[in-house]
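Trainee: sequence and predicted structure, then a few things I'm wondering about:
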Amino acid sequence: MPRRRPGSLLPLEVSILSACLDAGEAGSHGFALARAIADAGDTRELTATGTLYRALHRLDEAGLVENWWEDPDRAAEAGRPRRRCYRITGAGTTALANARAEAPDTDALTGLDSGFAT
């Protein structure tokens, strides 16, 4: 598998950053991000739960997203465990804009099926 260019984003990472940007300042938890990616029409499957979270970890390490644990009282009121939430950073917004500028063809960027047989 070829190595990717430093600073470049994988299609899944672009999808995650787009979903984080759409979530706004409030951020979103992983499952909601996965749902937003699917709702946006990204047909690629997240074949394992860890796929999304490994990508989120890479984006966090690169400073493109930030994460925090939600308030435990809020989780308790909802009767569920706490969620880790994610929000795009300024660097993430810039990286997303750069990725979109480098790949203006949305299908190529997101991995969506264009309908052509290969």
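Mentor: Ah, there it is. On a predicted model such as this, the values are computed, not experimentally measured, just so you know.
Trainee: tell me which helix or strand of the protein sits lowest on mean pLDDT?
Mentor: Confidence across the helices and strands of the chain bottoms out at helix 106-110, with a mean of 48, counting by mean pLDDT, DSSP states H and E.
Trainee: what about the closest residue to residue 82 other than its chain neighbours, which helix or strand?
Mentor: Of all residues beyond its chain neighbours, the one nearest residue 82 is residue 75 (4.3 Å), with distances taken as CB to CB, 6 or more residues apart in numbering. All C-beta atoms are positioned from the backbone trio N, CA, C, and that covers glycine. Secondary structure assigned from DSSP states H and E places residue 75 in helix 72-78.
Trainee: distance between that helix and the chain's centre?
Mentor: Its chain's C-alpha centre and that of helix 72-78 lie 25 Å apart, by CA atoms, centre = their mean, to the nearest Å.
Trainee: send the alpha carbons of that helix over as PDB?
Mentor: These are the backbone C-alpha positions of helix 72-78, laid out as PDB (Å, rounded to 0.1, in the frame of the first residue of the first chain):
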ATOM      1  CA  PRO A  72     -21.300  12.800  33.500                       C
ATOM      2  CA  ASP A  73     -24.600  14.200  35.000                       C
ATOM      3  CA  ARG A  74     -26.000  14.700  31.500                       C
ATOM      4  CA  ALA A  75     -25.200  11.100  30.600                       C
ATOM      5  CA  ALA A  76     -26.700   9.900  33.900                       C
ATOM      6  CA  GLU A  77     -29.900  11.800  33.300                       C
ATOM      7  CA  ALA A  78     -30.100  10.100  29.900                       C
END
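Trainee: contacts for that helix next, please.
Mentor: With contact meaning CB atoms under 8 Å, 6 or more residues apart in numbering, helix 72-78 is reached by 81, 82, 83.
Trainee: let me know the closest of those to residue 69.
Mentor: Sorting those by distance to residue 69 puts residue 82 at the head of the list, at 5.2 Å, by CB to CB.
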